[in-house]
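S.K.: the sequence and its predicted three-dimensional model are supplied below.
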Amino acid sequence: MYKAAVIGDRESVSGFAALGLSVFPESEPEKVSRLISRLAQNDFAVIFITEAAAAGVYDTIVRYRNTKLPAIILIPGITGNTGEGMRNLHESVEKAVGSDILNH
């Protein structure tokens, strides 16, 4: 059975445990990168990661972008939205359908 995880600073991710997601309070880039790789190898189908935590591990995220699993989804953290999650969503939609239908 596939699982879902949330990675980011403690304040941003702690509430997700109540929804049954596995919570990993981590924001140090090297540790986040290793954590993503470990989760990908252990049946995690979806990894939500705060935009702040994702900023330091962009290369790791790109490595998984063309794989079937896991889907890595950027979410805003408690400190706010940087817009990176929406940019990634637009890129994914454009890649999937050939046009950025979210801006129309």
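M.R.: That came in fine, so what should we check first?
S.K.: ranking helices and strands of the chain by mean pLDDT, which lands last?
M.R.: Least confident helix or strand, the chain: helix 84-97 with a mean of 66, by mean pLDDT, DSSP states H and E.
S.K.: contacts for stretch 55-65 next, please.
M.R.: Contacts of stretch 55-65 with the rest of the structure, by CB atoms under 8 Å, 6 or more residues apart in numbering, involve 27-29, 32-33, 36-37, 40, 49, 54, 70, 72, 82, 84. C-betas here are computed from N, CA, C, even on glycine.
S.K.: same thing with stretch 32-49?
M.R.: With CB under 8 Å, 6+ apart as the criterion, stretch 32-49 contacts 1-8, 16, 21-22, 24, 26, 53-54, 56-57, 59-61, 64, 67, 69-75.
S.K.: so which of the residues you listed sit within helices?
M.R.: Ala53, Ala54, Asp59, Thr60, Ile61, Tyr64 (DSSP state H).
S.K.: and the residues you listed, which are buried?
M.R.: Taking 16 or more other CB atoms under 10 Å as the criterion, what is buried in the ones in helices among the contacts of stretch 32-49 is Ala53, Ala54, Thr60, Ile61, Tyr64.
S.K.: redo those residues as a markdown table? Include distance to Ser99 and pLDDT.
M.R.: As requested, these are exported to a markdown table (distance: CB to CB, whole Å; pLDDT from 0 to 100):
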| residue | distance to Ser99 | pLDDT |
| --- | --- | --- |
| Ala53 | 30 | 95 |
| Ala54 | 25 | 94 |
| Thr60 | 28 | 95 |
| Ile61 | 23 | 94 |
| Tyr64 | 24 | 93 |
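S.K.: returning to that earlier point: can I get the buried part of the contacts of stretch 32-49 as one ChimeraX selection?
M.R.: Selection of buried members from these for ChimeraX, criterion 16+ other CB under 10 Å:
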select :4,5,6,7,8,16,21,22,24,26,53,54,57,60,61,64,70,72,73,74,75
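S.K.: all set, thanks.
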